[in-house]
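A.B. asks: Kindly return the folded structure for what I paste below:
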Amino acid sequence: MTIIEAIIQGAVQGLTEFLPVSSSGHLTITQHIMGIDLEGGNLFFNVMLHIGTLIAVVAFYHKLIWRLIKAFFSMIGDIFTGKFRWKELSDDKRMVIMVIIGLLPLVLLFAPVPGTGMKVKDFVESFNTEKYFIVVGICLLLTSVLLFIGNRCSKSVKPMKHLKGGEGGRTSMNVLDAIVIGITQCFATLPGLSRSGSTLAAGQMRGLNKQTALDYTFILGTPAIIAAALLEGKDALEGGLDPVKADLVPILIGMLVAAVVGYLAIALFKWLLKTDKMIIFIIYTAVVGTAVIVISVMEMQSGVNLFSGAPLV
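C.D. replies: Here you go, the predicted structure:
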């Protein structure tokens with residue numbers, strides 16, 4: 001892999017991990033166009049890109065994350081000393097519980113799929129190949145639909161006077177909110193279905209304030225990014241990869257680019273959401289999704305990658 005390829009993929013990962021356009025979908029599109037193999041060293045490179053985006057979200061939300069860590073250990077102390085009271089929870093302690101509840105549905109990814117001999121995670125990943133490139137397009141269209149519905153739900157909620165700009169929606173979450181958003185995050189493992197976009201939309205459909213839903217989405221995504229990096233790292237090592245022999249220069253550059261671009265993407269997303277410009281992502285994912293479907297149909301008829309000329313596998 002060249003440094004230019006590493007920079008391009010790092011920028012794509014940083015932008016699309018946090019903007020509601022699907023990082024997995026765009027990495028698949030980028031690698032499809034560039035004719036890059038998804039196995040071996042490139043799988044390890046994807047792990048490092050995830051670490052780059054993890055650095056970005058921790059840097060952006062470091063104050064909130066630190067507060068939540070302290071709230072978590074304080075809550076553990078309350079439980080052991082008998083001081084824990086659900087109705088007396090602080091906002092930070094409630095957020096910690098909602099994050100834990102939102103992560104619980106992820107165990108569904110390790111459930112067996114009847115008749116396949118695979119777990120749900122492995123079954124979903126089987127669609128992340130050139131042969132099923134059309135799945136990316138379909139999921140991008142679904143992302144567009146979810147963003148549209150979420151945006152409409154946000155506008156239909158009665159504005160709250162105590163919020164800046166009269167923004168509508170609840171600022172506190174309940175257990176059902178966390179469960180719904182957590183289950184939605186499981187579906188976002190499909191390539192092309194945006195995790196940040198679908199979970200944001202789910203929160204808005206539940207009547208949450210859009211900024212509250214977005215902050216929860218990013219905090220909930222932190223453990224998910226760590227899990228994705230660990231799982232891909234495990235797969236890479238089981239595939240015989242030796243990280244010591246990997247070309248570290250482009251890998252480190254890609255990770256750094258992903259971190260910087262990811263930080264800026266979070267700031268951009270929050271601003272666009274606050275200024276009610278989500279239509280940009282709704283149109284973008286619809287257009288790109290349609291284009292991918294058209295290209296996929298052409299490739300299935302020809303049996304080759306239209307960009308690299310290689311046979312579809």
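A.B. asks: Residue ranges in the stretch 201-313 of the chain under the pLDDT threshold?
C.D. replies: 232, 235-246, 313 (pLDDT under 70).
A.B. asks: Run through the helices of it in chain order.
C.D. replies: 210-238, 248-274, 279-302 (DSSP state H, counting those that start in this stretch).
A.B. asks: Show me what the shortest one is packed up against.
C.D. replies: Taking 3 or more C-beta pairs under 8 Å, 6 or more residues apart in numbering; DSSP states H and E as contact, the helices and strands that helix 279-302 lies on are helix 133-156. (Glycine included, C-beta is placed from N, CA and C.)
A.B. asks: And the contacts of whichever helix or strand comes after the helix it packs on?
C.D. replies: Note on helix 133-156: by DSSP states H and E, the next helix or strand toward the C-terminus is helix 175-187. Residues outside helix 175-187 that contact it (C-beta atoms under 8 Å, 6 or more residues apart in numbering): 97-99, 101-106, 108-109, 120, 193, 195, 198-199, 201-203, 205-206, 208, 213, 216-217, 220-221, 224.
A.B. asks: what mean pLDDT would you report for helix 175-187?
C.D. replies: Helix 175-187 shows an average pLDDT of 93 in the prediction.
A.B. asks: and it, C-alpha only, in PDB?
C.D. replies: Extracted in PDB, the C-alpha atoms of helix 175-187 (Å, rounded to 0.1, in the frame of the first residue of the first chain):
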ATOM      1  CA  VAL A 175     -34.400   2.400  29.300                       C
ATOM      2  CA  LEU A 176     -36.500   1.800  26.200                       C
ATOM      3  CA  ASP A 177     -34.600   4.600  24.300                       C
ATOM      4  CA  ALA A 178     -31.300   2.800  25.100                       C
ATOM      5  CA  ILE A 179     -32.600  -0.600  24.000                       C
ATOM      6  CA  VAL A 180     -34.000   0.700  20.700                       C
ATOM      7  CA  ILE A 181     -30.800   2.600  19.800                       C
ATOM      8  CA  GLY A 182     -28.700  -0.400  20.900                       C
ATOM      9  CA  ILE A 183     -30.600  -2.800  18.600                       C
ATOM     10  CA  THR A 184     -30.400  -0.300  15.800                       C
ATOM     11  CA  GLN A 185     -26.600  -0.200  16.300                       C
ATOM     12  CA  CYS A 186     -26.500  -4.000  15.700                       C
ATOM     13  CA  PHE A 187     -28.100  -3.600  12.300                       C
END
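A.B. asks: from the middle of its chain, how far away would that helix be?
C.D. replies: Going by C-alpha atoms, centre = their mean, to the nearest Å, the spacing between the C-alpha centre of helix 175-187 and its chain's C-alpha centre is 13 Å.
A.B. asks: Next: stretch 107-117.
C.D. replies: Worked out by C-alpha atoms, centre = their mean, stretch 107-117 lies 21 Å from the chain centre.
A.B. asks: and if you look at stretch 51-59?
C.D. replies: With C-alpha atoms, centre = their mean, you get 13 Å for stretch 51-59.
A.B. asks: quick one: buried residues of it?
C.D. replies: 51-57 (16 or more other C-beta atoms under 10 Å).
A.B. asks: So which of the residues you listed are in helices?
C.D. replies: 51-57 (DSSP state H).
A.B. asks: gap between the nearest residue to Leu104 once chain neighbours are set aside and Leu208?
C.D. replies: By the measure of C-beta to C-beta, 6 or more residues apart in numbering, the closest residue to Leu104 outside its immediate chain neighbours is Gly182, 6.2 Å from it. From Gly182 across to Leu208, the span is 14 Å (C-beta to C-beta, to the nearest Å).
A.B. asks: Looking at the two, which is more packed in?
C.D. replies: Leu208 (29 against 23; other C-beta atoms under 10 Å).
A.B. asks: Provide a list of residues in contact with the more buried one.
C.D. replies: 169-171, 173, 177, 216.
A.B. asks: Understood, closing this out.
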